[in-house]
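S.K.: compute the structure for the input listed below.
(chains A and B)
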Number of protein chains: 2
Amino acid sequence: MSATSRPSPLPKSIATVSLSGTLPEKLEAAAAAGFDGVEIFENDLLNFDGSPAEVRRMAADLGLRIMLYQPLRDFEAMPAELFARNMARAERKFDVMEQLGADTVLVCSNVQDIAIDDPARAAADLRQMAEAAARRGLRVGYEALAWGRHTRRWSQAWDLVQRADHPALGLVLDSFHTLALGDTLQGLDAVPADKIFFVQLADAPRMSMDVLGWSRHYRNFPGQGDLPVADFARDVLQAGYAGPLSLEIFNDEFRAAPARQTALDGLRSLIWLESEAGGFALPAPPVFEGVDFIEFAVDYVAGRELAQRLASLGFVHAGRHRSKAVDLYRQGGINLILNAEQDSAAAEHFQLHGPSVCAIGLKVDDARRATARARALLCKEWREPVGPDERVIPALRSPDGMLFHLVDDIDAGRSIYESDFDLRPLPQEDVAGAGLSAIDHIAQALPAHRLDTFVLFYRSVFGMQAEAVLEIADPYGLVRSRAMVSADQRVRIPLNVSESGRTGTGRFVAAYAGSGVHHIAFRSAQLARTLESIDRGHSAMLHVPDNYFDDLAARLALDDAQLARLQRLGLLYDRDGHGEFLHTYTEPFHERFFFELVQRDGYLGYGAANASVRMAAQAQLRHG
Amino acid sequence: MSATSRPSPLPKSIATVSLSGTLPEKLEAAAAAGFDGVEIFENDLLNFDGSPAEVRRMAADLGLRIMLYQPLRDFEAMPAELFARNMARAERKFDVMEQLGADTVLVCSNVQDIAIDDPARAAADLRQMAEAAARRGLRVGYEALAWGRHTRRWSQAWDLVQRADHPALGLVLDSFHTLALGDTLQGLDAVPADKIFFVQLADAPRMSMDVLGWSRHYRNFPGQGDLPVADFARDVLQAGYAGPLSLEIFNDEFRAAPARQTALDGLRSLIWLESEAGGFALPAPPVFEGVDFIEFAVDYVAGRELAQRLASLGFVHAGRHRSKAVDLYRQGGINLILNAEQDSAAAEHFQLHGPSVCAIGLKVDDARRATARARALLCKEWREPVGPDERVIPALRSPDGMLFHLVDDIDAGRSIYESDFDLRPLPQEDVAGAGLSAIDHIAQALPAHRLDTFVLFYRSVFGMQAEAVLEIADPYGLVRSRAMVSADQRVRIPLNVSESGRTGTGRFVAAYAGSGVHHIAFRSAQLARTLESIDRGHSAMLHVPDNYFDDLAARLALDDAQLARLQRLGLLYDRDGHGEFLHTYTEPFHERFFFELVQRDGYLGYGAANASVRMAAQAQLRHG
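M.R.: Take a look at the predicted model:
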């Protein structure tokens, strides 16, 4: 759909209600992210101790236009006396708008029971209001609320706007109100583009609840939820709309989160959305060839301890970096880097987070294109100092600071390991180790309110898909898990969050002080054999209670031999319509990460059915 | 309804899923609260690293019976092959039950799409299962899930139990599944009492969402939610049921909260419920005559500062305690006590919480009866050391430690102030002060997960009503408010919570380190006159932005003179169908409490429409 592809992006706006803080803080956050303008939400103005003219100056100083104001509700089709009061009220609010320098007022459809069910009357009222607005050089945008009394769909709102037939009256579209009803913008191409005065965009997770509560508490940015907002935006662009794309998000977590982070996510969301909708085009997302390496920030002591743990799992020391205190460990196709270099990003990471994953290398088709896309989506880049002849690997900071290196083979005749490391010549059987061959998935644990941020990051920057949210009972609270997966499933990143600070996930987030890698799953084609060849004494495998196996036998009707084998090896088991999954875990390393060993035979999930057993065993371990 | 009033209470039980932690922690918490038994939730057993026989011993050592086990789902009316597997599975689970020493297994109605819609078949399957159970001396309770495939109502479950006609098969009733569908127990009196094998009780807040999600995340204890659970329980008792009353609560917050607190709430809930349902009777709740006094824990410095603040609001020093470093301040009918006594409950409170309200005196009809009720509802009592001739005032600890003194006039010829204080002779006009005459309400701020605890405490111990939950936008997050009000509205205690730690409420809870009094509203019959006579220089009244008044004029069509007067005095205004409300606030005292001054003319609320203006002004103040 490049028919609507544009040479320059549309203006981007955000409603102040989407951001936390006082009005000045909200404006500063919107400007810092790079928005072109804002919608002023009425309560933000009422609570501000300064005149509307001061707000106008403040916005202008920050380079922001005030694109919309919405102080009027339940306006049209009221009994005569109330309508007269509404008109008087509108005149007062027009005074405020003149001071604010806002030229468009939003009126959403009346929700009152006493609203009269008479489109002609509603249209006449809107016309009268538009006439009053026009006298001030203002214009009125009318929007259908999904729970309006008589007007719920955009097509009904358009019908009223047509009947009213006034140049200062137009339509405001809001993706949530349309998509929440299962409606689409089909037919919008019949609406003249200049009658679409404004477009508000919001996504939301699918929820089975009343639409009002859903709208008021759970909206989020396009790309963070489950609604077809990109299709909505495509229809808007194809209708010829060339005005601002604006975010109006009512979300309890956004109200509490730092405004600058939220604003950055918002602008990233709109840039991504415009591209997805066939507007201003972004470089295409990377095609992944898998995880190239995982890098751990360590110091000397933690590095030695981790190296021992890796050795017990069959990894071998494969080389030392040419110029840095960095070691490479290998098994099968897995590369693990232990970075103890002073004055590096890793050292900074170690200081903040302790021994933990500080970087992930992803193998992509074209690192330069992937980096250009990330840059356009407001990602911060990182460049590590390199020695002579060493590879410069483009790196992005993920939202909470961890690095993603993007590795391709385009310019280099040799791998990053050949260029940067003194590799030890190793016989093939040493590298085969215990049979771990690849990184199956990398799970991150996040503070609960950061989930939407990371879903948007992976979806927009890396073009990943978000899988369904799973709920897992930790003994000390619920954990929610949502996997982000690349199109070909070669990169899988489950994201885990917990409202409770007492779960394993919650404790990790507190100890780690943020969002970080919580566990890493290595894949084996023959996990039983792997387990028999690793060093059980030092690999610290997690113990699984007998009751689990008793229930497994009852639940999945495994035969006795199969069950005995699982139990002897301490292997958890699951299956889905696609195949089987065997897995087991190590104890955590310094309360940071742990390893999972898996055998995936067609199975698509992550053993969520067994996760609560793992969490209980880990809790048991913590409590001694 | 004393027809079912009993000489001794029914056994009380709680499902382990209702409590946080490992299985041993859950059992200990249930025993510590005083439960007679537990339901073992299957995952708790699977995740436990010990045999079912060990669980049985552990429970027995703690004095707990294992009253129910529910490892079987989607059992009846399955295609033949699956049913055969279910029966094999049941036999394995019966083995576990024998080890556990649990004699009743719960089977809830099948939710699978493949379940066959044939009551005769379902009944035959249940009969076969009951027969297998009976061979082991076990019995099967069948329960209708609200989202079952073919069986959703208890009456349908009873129909299957009747058809199956087996002595080891009976009915399990669950208040949530019945009440969530808007169903009642009408007709239960036709069911023989000995066919009601078990009764599970849960409440829930009213929510417009799918019943499965509602049930899995938002259930709470009877008395914490909005469902008519007491009516349900009354019907159960009147049907002659004499088995355990058991709590089965799926609640995300309970999963994360300390298990001992949750267990205490649970038992309090069941004791209250049994009494409300006309079973084992509690002493009647107190009839309130208002708030008698509020006591602040201070040290010498904070005490002097607070005394100054009170003086600026028109309070006078009315006396000194006969034996303690305790001072009384008075205005109208308001008594405020500043307690700086060492080695007292107040001193302990001061150490934990800083300068803050440590006790509230409530005037009741009969303190002894109120105390007996509180004791039966598991409240902790407190007795302060008293000097010769001083009054012993019964006191209860509220759930998070603050004291409630219960004051009556039954034995005493003189007031507690006359008996305990050296009162200064004061002319009437000094006590009239600035015209503040009574305590209108006392607002508490709580950690979000404590709201249910306090709702239950006030509802059960004091017989208060819970008003609707209101949502208020603080600049840094949402605040929810729910007022607890005595029957005659003489004692009003709004409870405020916020998930965000950045709101005024969230910051208070962090600074105070728990649940505490957040503001106190004093009532004046003529607030304008009060404001003119108080010392504006030292009373630290909160500034209200002009934009608020501009909007008020547009919104409520006040006349210009009225508006000018409100604006000059900095008074917020609201009205409802019952009357008008004027109010204003002081700045906070040491980031602990602040005062509100109100004029209530028939109005029933708390000015929630204006609360966000107050919160924004307070946030502005914090940020300087």
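
S.K.: element containing the residue nearest in space to the middle of chain A?
M.R.: Residue closest to the average C-alpha location in chain A (CA atoms, centre = their mean): A:Val455, at 2.2 Å. Using DSSP states H and E, A:Val455 sits in helix A:451-461.

S.K.: do that helix and chain B meet?
M.R.: No - shown here: helix A:451-461 not in contact with chain B (CB under 8 Å from any CB of the partner chain), separated by at least 14.7 Å. All C-beta spots, glycine's among them, are computed from the backbone N, C-alpha and C.

S.K.: relative to A:Ser486, how far out is A:Glu289?
M.R.: A:Glu289 sits 10 Å away from A:Ser486, taking CB to CB, to the nearest Å as the criterion.

S.K.: which one of the two has more residues nearby?
M.R.: A:Ser486 (22 against 17; other CB atoms under 10 Å in any protein chain shown).

S.K.: per-residue confidence at the residue nearest to the more buried one when sequence neighbours are not counted?
M.R.: Spatial nearest neighbour of A:Ser486, chain neighbours left out: A:Phe288 (4.4 Å); criterion: CB to CB, 6 or more residues apart in numbering or on different chains. In this model, A:Phe288 is scored at 97, pLDDT.

S.K.: quick one: buried residues of the host helix or strand of A:Phe176?
M.R.: Following DSSP H and E, one finds A:Phe176 within helix A:175-179. Buried residues in helix A:175-179, counted by 16 or more other CB atoms under 10 Å in any protein chain shown: A:175-179.

S.K.: pLDDT on it, on average?
M.R.: On average, helix A:175-179 scores 97.

S.K.: after that helix, which helix or strand is next?
M.R.: Counting by DSSP H and E, the element after helix A:175-179 in chain order, helix or strand, is strand A:196-201.

S.K.: if you drop the residues flanking it in sequence, what lies closest to whatever residue of the stretch 1-150 of chain A ends up closest to chain B?
M.R.: Nearest to chain B, among the residues of the stretch 1-150 of chain A, is A:Asn47, at 3.4 Å (CB to the nearest CB). Leaving aside its sequence neighbours, A:Asn47 sits nearest to B:Ala616 (CB to CB, 6+ apart; 3.4 Å).

S.K.: ok, residues contacting the helix or strand that contains the one you found?
M.R.: Using DSSP H and E, B:Ala616 falls within helix B:608-622. With contact meaning CB atoms under 8 Å, 6 or more residues apart in numbering or on different chains, helix B:608-622 is reached by A:22, A:43, A:46-49, B:470, B:472-476, B:479, B:481, B:503-504, B:507, B:542-545, B:548, B:572-574, B:583, B:585, B:587-588, B:594.

S.K.: which ones among these map onto helices?
M.R.: Of these, the ones assigned to helices by DSSP state H are A:43, A:46, B:504, B:507, B:548.

S.K.: and for the closest residue to chain B within the stretch 501-624 of chain A, the neighbour number?
M.R.: Proximity of the stretch 501-624 of chain A to chain B (CB to the nearest CB) peaks at A:Ala616, 3.4 Å away. Neighbour count for A:Ala616, taken as other CB under 10 Å: 27.

S.K.: what's the answer for the one 3 residues further on, then?
M.R.: The number of residues packed near A:Ala619 is 20, by other CB under 10 Å.

S.K.: with A:Asp159 instead?
M.R.: A:Asp159 has 16 nearby residues by other CB under 10 Å.

S.K.: identify all contacting residues around the host helix or strand of it.
M.R.: Per DSSP H and E, A:Asp159 falls inside helix A:154-164. Taking contacts as CB under 8 Å, 6+ apart, the residues outside helix A:154-164 that touch it are A:76, A:109, A:119-120, A:122-124, A:126-127, A:130, A:142-144, A:150-151, A:169-171, A:173, A:177-178, A:183, A:185, A:187-188, A:191, A:195.

S.K.: ok, now how distant is A:His166 from A:Ala124?
M.R.: For A:His166 relative to A:Ala124 (CB to CB), the value is 10 Å.

S.K.: now do A:Glu580
M.R.: With distances taken as CB to CB, A:Glu580 is found 68 Å from A:Ala124.

S.K.: and A:Asp576, by the same measure?
M.R.: Applying CB to CB, the value for A:Asp576 to A:Ala124 is 59 Å.

S.K.: of these two, who's got more company?
M.R.: Applying other CB under 10 Å to A:Asp576 and A:Ala124 shows that A:Ala124 carries more neighbours, namely 17 against 12.
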